[in-house]
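> Structure here, sequence nowhere to be found:
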């Protein structure tokens, strides 16, 4: 069976990397266990095959998404292992963080040491890729394009911090990992929190929210793809705020950051508006996505202008528009420009946090 056919459907998100001009150090990957004494998990075996020498995992191979649901023969696994030296490891679209979590659970179930070793190598990869600022790039060591920037996009950095926090807290199955990883993981989480605080954007003297990606040097919001301009994010800022809400004994700085983000969400509502997918024979795919008036409904934009804080809608031409209807149909229907991302945070999570920790 063609290996590409086995990779379809993983759905990992894009990211960034910071190599500091040095190649990633190598870790020894666990061999596939042999013999009747080794308990096997078929999904874990596929993950071992796709793990890179630096400890991370790709989200796609030859532009085909990895999909662990597909059956793989011994020959397919061997083919996948031959890509170990590729420098395409990423934390985009759940890559690497997903495998680490699965493998440590597979170790608990099977007691197969290869799975724990692979998970630990993945954790070490996360520790290596963290930048001096505390930020995490989307890819490492690949620093091309925007991949080396601090990546909040699709919660890539937040997922990495969540894994490291689970290691530091010895939470659940993560209590099974090498104890020597606990202190480095805690230091990485502390650095990550400081990065989050430093990257929270100040707009005309007022603390607000975060961009989908931030420059690794200036820490300011920066551009990624043509339609992802430097801006404030009504999506990624939710994941960041939720992470801060889950910190134990929040510092005054963390409390201030949470309160400012919540105030920004409140101020940035698009009220009495909803997003709808409609049938439209005049469009190339026979459907369209529109924003319509709907009393009582509230949405937020994916992107807000850094200066005016007004919602912006940007197509592949990179030009800002005031309305979703002004960009091309392919982007309108193929990307989420407005949704209800902060709704649960505002209605439930933040009030619960206030009850536990008190208001500022």
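Cool, the structure landed. For clarity, every value in this text was computed on a predicted model and none was experimentally measured.

> Mind giving me the packing neighbours of the helix or strand containing residue 128?
If you go by DSSP states H and E, residue 128 is part of helix 113-129. Judged by 3 or more Cβ pairs under 8 Å, 6 or more residues apart in numbering; DSSP states H and E, helix 113-129 is in contact with helix 42-50, helix 97-110, helix 156-168, helix 182-199. Any C-beta I mention is one placed from the backbone N, CA and C, and that applies to glycine too.

> okay, the ones you listed in a markdown table with mean neighbour count, distance to residue 215 and mean pLDDT next?
Compiled in a markdown table, these are given as follows (neighbours: other Cβ atoms under 10 Å; distance: least, Cβ to Cβ, whole Å; pLDDT from 0 to 100):
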| stretch | mean neighbour count | distance to residue 215 | mean pLDDT |
| --- | --- | --- | --- |
| helix 42-50 | 20 | 31 | 98 |
| helix 97-110 | 22 | 23 | 98 |
| helix 156-168 | 26 | 14 | 98 |
| helix 182-199 | 19 | 9 | 98 |
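
> what about residue 225, neighbour count?
15 (other Cβ atoms under 10 Å).

> sorry, back to before: dump the helices and strands packed on helix 113-129 into JSON lines; add distance to residue 254 as well.
Formatted as JSON lines, the helices and strands packed on helix 113-129 follow (distance: least, Cβ to Cβ, whole Å):
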{"stretch": "helix 42-50", "distance to residue 254": "34"}
{"stretch": "helix 97-110", "distance to residue 254": "22"}
{"stretch": "helix 156-168", "distance to residue 254": "13"}
{"stretch": "helix 182-199", "distance to residue 254": "7"}
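
> Taking helix 42-50 as reference, get the angle to the helix holding residue 128.
50 degrees (axes from the mean of the first three to the mean of the last three Cα atoms, to 10 degrees).

> coming back round to it: compare the helices and strands packed on helix 113-129 and give me the one nearest residue 280.
Nearest to residue 280 among these is helix 156-168 (33.6 Å), distances taken as Cβ to Cβ.

> mind checking how far the closest one is from the chain centre?
10 Å (Cα atoms, centre = their mean, to the nearest Å).

> Kindly report the same for stretch 336-347.
Using Cα atoms, centre = their mean, the offset of stretch 336-347 from its chain centre is 17 Å.

> which of the residues in it are buried?
Under the neighbour-count criterion of 16 or more other Cβ atoms under 10 Å, stretch 336-347 has 337, 338, 341, 342, 345, 346 buried.

> From residue 310, how far out is residue 317?
19 Å (Cβ to Cβ, to the nearest Å).

> no wait, residue 56
Shown here: residue 56 relative to residue 310, a distance of 38 Å by Cβ to Cβ.

> More neighbours: these two, which one.
Ranked by neighbour count (other Cβ under 10 Å), residue 56 and residue 310 place residue 56 first, with 30 against 12.

> now the closest residue to the more buried one other than its chain neighbours: how far from residue 232?
The shortest distance from residue 56 to any residue other than its chain neighbours is 2.7 Å, reached at residue 89 (Cβ to Cβ, 6 or more residues apart in numbering). Taking Cβ to Cβ as the measure, residue 89 falls 29 Å from residue 232.

> before we move on, the earlier item: can you list the buried residues in the helix holding residue 128?
114-127, 129.

> mean confidence for that helix?
Averaging pLDDT along helix 113-129 yields 98.

> Which strands and helices lie in contact with the helix or strand following it?
Toward the C-terminus, helix 113-129 is succeeded by strand 150-151 as the next helix or strand (DSSP H and E). Under the contact criterion of 3+ Cβ pairs under 8 Å, 6+ apart, strand 150-151 touches strand 213-214.

> Much appreciated, bye for now.
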